[in-house]
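> the following comprises the amino acid sequence and a computationally predicted model.
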Amino acid sequence: MNDISRTPVAPATLPVHNGDSRFHVRRVYCVGRNYVAHIREMKEGDERDPPFFFQKPTDAVVQPGQAVEYPPETSDFQYEVELVVAIGKTARNVSAESALDHVFGYAVGLDMTRRDRQREAGKKGLPWEIGKSFDQSAPCGEIVPVSVCGHRMSGSIALSVNGEAKQAGDLGNMIWNVPEIISNLSSSYVLEPGDLIYTGTPAGVGPVVPGDVILSSIEGLPSLSTPIVARVP
């Protein structure tokens, strides 16, 4: 029998702001259609519908400042800037009123999307994995503990490409806010320390190409710079 053993890939971790510790990532959840303006620009769904959830693989997480390779099987590679919630305490069927007690901290993140593949899947009624859950699809910035930044219920969220503003909104415009997201998710999944929740994006999503540099920012959090590079053959 051939020996197919190999060195296991190390679990994903992210830096904690102003500290030597690392946040060990367990799962990556994403909220779809959580800003009305984004629903309108995508022309998908009813803006009265509640947001829904999907997941990305843990090894899709990209470190702060690390370049992202332009992925295969797409000609429409798009950015979506999002607030990321880092869970620090087990949450099972928690109420919105107590949900924030389970948050360790917050970060700036990108939900990178193969938009053409996502739309193809949607038209066929297929899952979104091909468009959302691929390698390097979840860049994330440093995680700032709640003790440092407080809870991010409002504040500007923005993104630029090569210095040109593309997305601008406010966290207060989420259809579901952070406590409601955690409460809803915890009724379907047991949330554990190490879980990340990407909370949706405002309007202004668009494509990038190799050579572009994305700068993502949220008020009160460290910004995230993400260069896009050509894929290595």
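On my side now, so go ahead. This structure is a prediction, so every number in the text was calculated from the model and none was measured. Numbers count the residues shown, from 1 in each chain.

> for Val85, name its beta-bridge partners.
Per DSSP bridges, the residues bridged to Val85 are Tyr106, Ile197.

> OK, contacts around it?
By Cβ atoms under 8 Å, 6 or more residues apart in numbering, the contact list for Val85 reads Val103, Tyr106, Val178, Ile181, Ile182, Leu196, Ile197, Thr199. In this view, the C-beta of every residue, glycine as well, is placed from N, C-alpha and C.

> what's the local residue count around the first one?
Summarising burial for Val103: neighbours were counted as other Cβ atoms under 10 Å, giving 21.

> shouldn't it be in contact with Ile182?
Yes. In this structure Val103 lies within contact range of Ile182 using Cβ atoms under 8 Å: 7.4 Å.

> hey, what's in contact with both of these two?
Val85, Ile87.

> residues touching Tyr35, list them.
Gly169, Asn173, Met174, Ile175, Gly200, Thr201, Pro202, Ala203.

> can you tell me how far the spatially closest residue to the fourth one that is not a sequence neighbour is from Glu180?
Meaning Ile175. Sequence neighbours aside, Asn34 is the residue nearest to Ile175 in space, at 5.2 Å (criterion: Cβ to Cβ, 6 or more residues apart in numbering). Distance, Asn34 to Glu180, using Cβ to Cβ, to the nearest Å: 10 Å.

> higher neighbour count, the two?
Asn34 (25 against 16).

> so for that one, what's the pLDDT?
As predicted, Asn34 sits at a pLDDT of 86.

> hang on, it packs against Met174?
Yes. At 5.3 Å, Asn34 and Met174 qualify as touching, with contact defined as Cβ under 8 Å.

> find residues that contact each of the two.
Looking at what touches both Asn34 and Met174 (by Cβ under 8 Å, 6+ apart), the common residues are Thr199, Gly200.

> so what's Asn183 up against?
Just so we're on the same page, residue 183 is Ser rather than Asn. Counting by Cβ under 8 Å, 6+ apart, Ser183 touches Val94, Ser95, Ala96, Ala99.
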